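> the following comprises the amino acid sequence and a computationally predicted model.
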2 protein chains.
Amino acid sequence: MTGTATSAEAERRAPRGRIDKRQAILDAAFTVFAREGYGQACVKDIADEAGVAKPTVYNHLSDKANLFRQAMAAAAERSMADELAAIERLRDVGDDIRTALEDVGHRLLQCYCDDRSWALRRLLHAELGRFPELLDTVRGHGTGRVNDALADRLARLSLAGRLRAGDPAEAAEQFVALLTGPIEARSRLGTVPIPDAELHTVARAGVRTFLRAYATDPQAYETTAQAADGTRG
Amino acid sequence: MTGTATSAEAERRAPRGRIDKRQAILDAAFTVFAREGYGQACVKDIADEAGVAKPTVYNHLSDKANLFRQAMAAAAERSMADELAAIERLRDVGDDIRTALEDVGHRLLQCYCDDRSWALRRLLHAELGRFPELLDTVRGHGTGRVNDALADRLARLSLAGRLRAGDPAEAAEQFVALLTGPIEARSRLGTVPIPDAELHTVARAGVRTFLRAYATDPQAYETTAQAADGTRG
DNA sequence: GGACTTCTGAACGTACAGGTTCAGATCCAT
DNA sequence: ATGGATCTGAACCTGTACGTTCAGAAGTCC
């Protein structure tokens, strides 16, 4: 479609003998798979998107299936790294747990609402039947590295007496659920962008409920102004 | 899978000419789409699954796309009816809100964990790009009929002074999130069956957190024994 | 510059799925 | 039983996508 030689095209074609086409192919593959789904995506489109000839794709990655697996793995790695980075912020909670949790919640929601992140989950759901091993690839082998990391942070907070004692894994589960659950519906499964203000609102609401249930002194937080959000579709 | 097979079998041998094959076709279509995904499912397989010739499929439902839409709509209707029925139980809460909520939570989780229900969500996620109108079909035009119904019930409970006042839609959102979030991970997106005991555990945990945050007198519930579950993968 | 590797573009073989056609069988109503 | 509707099974057409092949161009290393 964009096949005619524009200047942008010339630039993309410049490094021709380079070996780093692989990354471009994987990126393009994820883009196309995300747009079309595994079944409907065709390798030619991926090659075009990557600015590469079709045989080059088969040269670097043997199969369409393998191409899909690799692309998903790469996307998952990036996505997971972002979320883990967001959680790291809980390593040094100041005086205000509430603000810290809201901050982390907001960052997690930002990761979660990224286009690539939505696409990753959509493709995971979609192709789990055909690629069962994909679940471990994406979640990071276990209950999920994100949940585990969050559980670790919450456990430390419990130990420090800032949160109620209990199963940290369960608390992490519920914390994430309180954030992502509402987003799923509001964004219409990722098809509608959510303004950052609404992400804040959802994060605040989630953390409010979480703290009411998990704070050692829930009443302490009830004084804080919590109304007048009014961000709802 | 066996369900449709038997019904298809029964129809195949008894009345061959007359009968609404339509329902059999829609059932079979959903089964096959659930197993293969839209792109990889082929109409021949659906016809076979329904015990019907291929032209008959095209006779009743013009397109593969239309076939998909109709099959999804039918499955969604059934699924939504089940969930709404579960929520109806909140119309007459006795003395014990906690037990009532746990009961509803458990029933909702049972609906949610049904094979067809998982398949419906998987297909929705998967094909939302190609069939955007599907979201309204499945959720029931709006924030989701299930969420709305639940919000109605919670609003009444708030008005009766049994739950804290606040946005009922938000409470419903969070209630559902606290239930379904943990299930998503535990069942590995529906690929692993969850024993009913674990559903109970998750429902109890979700309701416990929900009530700590939303009950008018949270302390009243803290006396109840809540430990010794130990159901975790 | 020359040898070696990689990439390109286009063609090819193959397989398979969507959708149609048609003659014959089956069913329902009268 | 007869007529009309529906279903069947198989063949058929067509488009498309996977994966391969190959000659030649372009980059890389000596």
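Looks like it came in fine. Please read these numbers as outputs of a predicted model, since none were measured by experiment.
> can you list the domains in chain A?
The record's domain parsing of chain A by automatic domain parsing lists A:7-61, A:74-222.
> quick one: low-confidence residue ranges for chain A.
A:1-19, A:141-142, A:218-233 (pLDDT under 70).
> which stretches in it count as helices?
A:7-13, A:21-36, A:43-50, A:54-60, A:64-88, A:97-113, A:115-127, A:134-139, A:145-159, A:168-186, A:196-214, A:219-222 (DSSP state H).
> just put those in CSV and tack on mean neighbour count and distance to DNA strand C.
In short, each C-beta sits where N, CA and C put it, glycine included. Output for these, formatted as CSV (neighbours: other Cβ atoms under 10 Å in any protein chain shown; distance: least, Cβ to the nearest atom of the strand, whole Å):
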stretch, mean neighbour count, distance to DNA strand C
helix A:7-13, 11, 6
helix A:21-36, 20, 4
helix A:43-50, 19, 8
helix A:54-60, 15, 4
helix A:64-88, 18, 12
helix A:97-113, 21, 32
helix A:115-127, 21, 16
helix A:134-139, 18, 22
helix A:145-159, 19, 32
helix A:168-186, 23, 29
helix A:196-214, 22, 39
helix A:219-222, 12, 55
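> so which of the ones you listed comes closest to residue B:127?
Closest approach to residue B:127 among the helices of chain A (Cβ to Cβ): helix A:115-127, 7.7 Å.
> angle of the closest one against helix A:168-186?
100 degrees (axes from the mean of the first three to the mean of the last three Cα atoms, to 10 degrees).
> which residues are contacting stretch A:33-53?
A:1, A:9, A:12-13, A:21, A:24-25, A:27-29, A:31-32, A:54, A:56-58, A:64, A:67-68, A:71-72, A:115-116, A:119-120, A:122-123, A:126-127, A:130, B:37-40, B:126-127, B:129-130 (Cβ atoms under 8 Å, 6 or more residues apart in numbering or on different chains).
> can you get me the start-to-end distance on that stretch?
End-to-end distance for stretch A:33-53, by Cα to Cα, to the nearest Å: 18 Å.
> could you check how far it is from the centre of its chain?
22 Å (Cα atoms, centre = their mean, to the nearest Å).
> that stretch vs DNA strand D: in contact?
Yes. On the criterion Cβ under 7 Å from any atom of the strand, stretch A:33-53 is in touch with DNA strand D at A:41, A:42, A:43, A:44.
> same check, this time on stretch A:123-133
No. Applying Cβ under 7 Å from any atom of the strand, one finds stretch A:123-133 separated from DNA strand D by no less than 13.0 Å.
> centre of the chain versus that stretch, how much separation?
On the basis of Cα atoms, centre = their mean, stretch A:123-133 is displaced by 17 Å from the centre of the chain it belongs to.
> among the residues of stretch A:33-53 next to DNA strand D, which one lies nearest to residue A:146?
Distance to residue A:146 across the residues of stretch A:33-53 next to DNA strand D (Cβ to Cβ) is lowest for residue A:41, with 27.2 Å.
> quick check: phi and psi on the closest one?
Per-residue torsions, residue A:41: phi -70, psi 140 (degrees, to the nearest 10).
> how many residues are close by it?
For residue A:41, the tally of surrounding residues (other Cβ atoms under 10 Å in any protein chain shown) stands at 21.
> do residue A:163 as well
For residue A:163, using other Cβ under 10 Å, the count is 23.
> beta partners of it?
Beta-bridge pairing for residue A:163 (DSSP bridges): residue A:215.
> list the contacts of it.
By Cβ under 8 Å, 6+ apart, the contact set of residue A:163 is A:97, A:154, A:157, A:171, A:214, A:215, A:216.
> got it, and residue A:168?
Residue A:168 neighbours (Cβ under 8 Å, 6+ apart): A:151, A:152, A:154, A:155, A:158.
> now swap in residue A:76 and tell me
By Cβ under 8 Å, 6+ apart, the residues touching residue A:76 are A:120, A:137, A:138, A:140.
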